[in-house]
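Q: Have a look at this prediction, sequence included:
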Amino acid sequence: MPTNHFSGRNLSTRLGLLLAAVNTATILAHAQPTNSIPTEPANPIPTLQIKADQVTAKVSPTLYGLMTEEINYSYEGGLYGELVRNRSFKANAASAAFWNVVGNGVISLDTNQPLNSALNVSLKLDTGNASKNSAVGIANGGYWGIPVRPNTTYHASFYAKGKHFNGPLTVAIKSTNGETVYASAEVPKISGKWQKYGVTLTTGNAAPSQDNQLVISATKPGTLFNKHGEVWFQQVSLFPPTFNNRANGNRPDLMQLLADMQPAFLRFPGGNYLEGDNLKERFDWKKTVGPLEQRPGHRSPWGYWSTDGFGLPEFLGWCEDLNMEPVLAVFAGYTLKHDYVKPGPDLAPYVQDALDEIEYVTGDTNTTWGAQRARDGHPAPFKLRYVEIGNEDWFDESGSYDGRFSQFYDAIKAKYPQLQCISTVGNEQPEKKRVHSRKPDLLDEHYYRSVKDFERESPTQFEKYDRNGPKIFVGEWAAYEDIQPWNKKSEKLAPTPSFKAALGDAAWMTALERNSDLIVMQCYAPLLVNVNPGGRQWRPDLIGYDALNSFGSPSYYAQKMFSNHHGDQILATDSRDIPTNPKLFFDATRDSRTGKIILKLVNSLGTPQPVKVEISGVAAVEAEGEAVVLKADRPDDTNSIQEPDKIVPVTEKVDRLGTDFTREFPPYSITILELKAK
């Protein structure tokens, strides 16, 4: 039978069809009468041909990256190192949410004693009932617990002022039941004016735990002349050690999981978090820079308070810590509640905000906002190539996006012609919404699909695209098992995906990598989730955690494998015969510096699949190579806080390789073969 020649982008389709044909032929063979005349086998082993002397395109060097937004307690209660919940007392206007009174004290919110115009409410503690044997105070249990680790130093700080009370105050990390004090320090004196106080708290050789709280207490009721004292608090903070010891920094275990993915870029600040439910709740970046006590915070569109301690400087610090390129999304005048700002004079202030934001990121210290960045601790400008204008503006039914995009585009290109502008209306939207008076440099497309849909679409999804049109940024995507993320039934599922979803993710990534002449960047979303009850607003999510522990989902490990193992050249591929229902997916790339060929193959079937691999265009392939395999016994298997390493990649040496070899790929598996070609 003649070989069918086609590009590497079609190979997954044909191989999948081949396997289905093989399975069908096997069934038919078993259905033959026992006295039938023997015939030639109708189920040849599928054959993949890698043409190493034919490079179809270059792999984008920024293909694998991260997308982030404040959802699922991703920053507050997640990546951001702060352990105190509602540190500025602004999460609830009616009560001191997440704060408890200690002993026979009395606490209340007070708007008459603001720290400043940004933090315009304080927590008042009445110390009148305090005594040596009966302390009164305030306590905070953090985000589902304060984590205690052995021999660890924490930094606690707060603003306070007293009336008829001048101290001392004891600051301690205690078990929630109060029986164990893990660390304690004293602030000996409190001023009658607002002042910042800080102590260090070092735990001993304690077992790790998270059922703990931060307690600030007094055993003295007042002063010598007035026994009825009062203390006001604001911005009460507790920080553990952070990644790279960065001040106001990030949680080390989560940062290490992200670092291990070797991401090329970070898309920030997201998503719906960029837009906000309304204009007042958008990501107003100018309120997220400068001293922490000058940041007022705002409500997240996912229903909880953001202190904006994790603001624009922190996003950029995150990029620096992980050597990522920032992809900056700017607010473009459209909100989640479908409010929009008309193009023209009404939109002009928001356009100027975007120009100022770009200046903050890239400007010299002799510019207004470059100088602010320097005051925030980073004199050197950051590298910036991509600016995304808005988020998911295909939801805007007003038709205003073309005018809004054009106004931003013209202003950005006039001042920063080197920057590439990303439109948030892509090829997947109806034609009436794809109107662009200015040609975008990239289109941001989002794909939340079932595993079945990704398996069906990945072989051909990007074949129809015009290679002369705008490049593609797949800025959000994820495979879900069966139940849509926006379906209420999904709330009963685990917050992180099963291996079935990871197989769908991997199938999709073979398409993204195979088409990375078109797809410049891509990133899974959402990235993070606090797995405690009440911590999740969306699933599936890549990385899960509680106060003390964290884990990567099977999808995380699929992402990590693909990001860590790829070449810079896409190789042409062929397959033999014409099959029907894709269940095998793959692509092949080469590292041009070393000649190493990297073959990725996803077997979504529940049976082992032998595949013959033929490599042409090289003199030889060494007999020994390396395989990285991620597999599960059942597609419903997954990782969790209790079993964080149930499904992890295994690296093994393989032999009997060459320019022509056959290998059996395990059921429910993702395999990366690294072949040393000469």
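A: The structure has been received and is ready for your questions.
Q: Quick check: closest non-adjacent residue to Ser616.
A: Spatially, and ignoring its direct neighbours in sequence, Ser616 is nearest to Lys51 (5.5 Å; Cβ to Cβ, 6 or more residues apart in numbering). Where C-beta positions appear, they are placed from N, C-alpha and C, glycine not excepted.
Q: Do I have it right that that neighbour meets Val618?
A: No: between Lys51 and Val618 there is no contact under Cβ atoms under 8 Å: 9.8 Å.
Q: related to what we said a few turns ago, buried residues in the one helix or strand the residue nearest to Ser616 maps to?
A: When secondary structure is defined by DSSP states H and E, Lys51 falls within strand 47-58. Neighbour-count burial for strand 47-58 flags Thr47, Leu48, Gln49, Ile50, Lys51, Ala52, Gln54, Val55, Thr56, Ala57 (criterion: 16 or more other Cβ atoms under 10 Å).
Q: which SS class is the nearest residue to the third one once chain neighbours are set aside?
A: In this structure, Gln49 finds its nearest non-sequential neighbour in Asp574, 4.0 Å apart by Cβ to Cβ, 6+ apart. When classified by DSSP: H, G, I helix; E, B strand; the rest coil, Asp574 comes out as strand.
Q: any idea how far Asp574 lies from Leu512?
A: Between Asp574 and Leu512 the distance is 21 Å, computed by Cβ to Cβ, to the nearest Å.
Q: just Phe225 next, same as before
A: 72 Å.
Q: Look at these two and report which has more neighbours.
A: The residue with more neighbours, out of Phe225 and Leu512, is Leu512; 24 against 6, by other Cβ atoms under 10 Å.
Q: before we move on, the earlier item: now the buried residues of strand 47-58 in JSON lines, please, with extra columns for distance to Pro610 and pLDDT.
A: JSON lines is the format used below for the buried residues of strand 47-58 (distance: Cβ to Cβ, whole Å; pLDDT from 0 to 100):
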{"residue": "Thr47", "distance to Pro610": "10", "pLDDT": "89"}
{"residue": "Leu48", "distance to Pro610": "11", "pLDDT": "91"}
{"residue": "Gln49", "distance to Pro610": "16", "pLDDT": "93"}
{"residue": "Ile50", "distance to Pro610": "17", "pLDDT": "96"}
{"residue": "Lys51", "distance to Pro610": "22", "pLDDT": "96"}
{"residue": "Ala52", "distance to Pro610": "22", "pLDDT": "96"}
{"residue": "Gln54", "distance to Pro610": "25", "pLDDT": "96"}
{"residue": "Val55", "distance to Pro610": "28", "pLDDT": "97"}
{"residue": "Thr56", "distance to Pro610": "26", "pLDDT": "95"}
{"residue": "Ala57", "distance to Pro610": "29", "pLDDT": "95"}
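Q: and stretch 93-112, how far from the chain's centre?
A: Here stretch 93-112 shows a centroid-to-chain-centroid distance of 34 Å under the convention Cα atoms, centre = their mean, to the nearest Å.
Q: three-state assignment of Gly303?
A: Applying three-state DSSP: Gly303 is coil.
Q: Can you give me every residue that contacts the residue lying closest to it once chain neighbours are set aside?
A: Nearest non-adjacent residue to Gly303, counting by Cβ to Cβ, 6+ apart: Gln537, 7.0 Å away. Taking Cβ atoms under 8 Å, 6 or more residues apart in numbering as the criterion, Gln537 is in contact with Ile71, Asn72, Trp302, Gly303.
Q: Quick check: Gln537 vs Trp318, distance?
A: Here Gln537 is placed at a distance of 21 Å from Trp318 (Cβ to Cβ).
Q: same question, Gln609
A: According to Cβ to Cβ, Gln609 stands 40 Å off from Trp318.
Q: more crowded one of those two?
A: Each of Gln609 and Trp318 has its neighbours counted (other Cβ under 10 Å); Trp318 has more, 25 against 21.
Q: helices or strands next to the helix or strand where the more buried one lies in the packing?
A: With the criterion set as DSSP H and E, the secondary-structure element containing Trp318 is helix 312-321. Applying 3 or more Cβ pairs under 8 Å, 6 or more residues apart in numbering; DSSP states H and E, we find helix 312-321 packed against strand 265-268, strand 325-330, helix 348-362.
Q: Sheet partners, orientation included, of the shortest one?
A: When pairing is defined by DSSP bridges, strand 265-268 lines up against strand 66-67 (parallel), strand 325-330 (parallel).
Q: I'd like the ones you listed as TSV, with distance to Val181, mean pLDDT and mean neighbour count appended.
A: Putting the strands paired with strand 265-268 into TSV (distance: least, Cβ to Cβ, whole Å; pLDDT from 0 to 100; neighbours: other Cβ atoms under 10 Å) gives the following:
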stretch	distance to Val181	mean pLDDT	mean neighbour count
strand 66-67	39	98	26
strand 325-330	43	98	25
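Q: can I get those in TSV with distance to Lys415?
A: TSV is the format used below for the strands paired with strand 265-268 (distance: least, Cβ to Cβ, whole Å):
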stretch	distance to Lys415
strand 66-67	26
strand 325-330	13
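Q: Look up phi and psi at the closest residue to Val648 other than its chain neighbours.
A: In space, Val648 comes closest to Tyr557 once its chain neighbours are excluded; the distance is 6.0 Å by Cβ to Cβ, 6+ apart. For Tyr557, the backbone dihedrals (degrees, to the nearest 10) come out as phi -70, psi -30.
Q: Contact partners for Tyr557?
A: Counting by Cβ under 8 Å, 6+ apart, Tyr557 makes contact with Ala502, Leu630, Ile647, Val648, Pro649.
Q: Apply 7 Å and report the result again.
A: Listed by Cβ atoms under 7 Å, 6 or more residues apart in numbering, the contact partners of Tyr557 are Leu630, Ile647, Val648, Pro649.
Q: Which members of those residues are classed as buried?
A: Under a neighbour-count criterion of 16+ other Cβ under 10 Å, the subset of those counted as buried comprises Leu630, Ile647, Pro649.
Q: For the second one, pull up the helix or strand it's in.
A: When elements are assigned from DSSP H and E, Ile647 belongs to no helix and no strand.
Q: what does the model give it for pLDDT?
A: Note on Ile647: pLDDT of 98.
Q: i'd like the first residue to be 47 from this point on
A: Happy to do that; since the first residue is 47 now, the last one works out to Ile693.
Q: Now it: closest residue in space, sequence neighbours ignored.
A: Nearest one to Ile693, counting by Cβ to Cβ, 6+ apart, is Pro600 at 4.7 Å.
Q: and that neighbour, how many neighbours?
A: Pro600 has 31 neighbouring residues, counting by other Cβ under 10 Å.
Q: Touching, it and Ser686? I think so.
A: No: applying Cβ atoms under 7 Å, one finds Pro600 not in contact with Ser686, separated by 10.8 Å.
Q: buried sites along stretch 380-387?
A: For stretch 380-387, the buried set under the neighbour-count rule, 16+ other Cβ under 10 Å, comprises Tyr380, Thr381, Leu382, Asp385, Tyr386, Val387.
Q: how long is that stretch end to end?
A: Start and end residues of stretch 380-387 are separated by 7 Å (Cα to Cα, to the nearest Å).
Q: tell me the mean pLDDT over that stretch?
A: Stretch 380-387 shows a mean pLDDT of 96 in the predicted model.
Q: And stretch 298-312, by the same measure?
A: In the prediction, stretch 298-312 has an average pLDDT of 98.
Q: likewise stretch 534-545?
A: Across stretch 534-545, the average pLDDT comes to 96.
Q: sorry, back to before: verify the contact between the residue nearest to Ser662 and Gln615 for me.
A: No: shown here, Lys97 and Gln615 do not form a contact pair, counting by Cβ under 7 Å, at 11.6 Å.
Q: The stretch 47-196 of the chain: helices as residue ranges?
A: Remark: helices assigned in the stretch 47-196 of the chain by DSSP state H, counting those that start in this stretch are 57-76.
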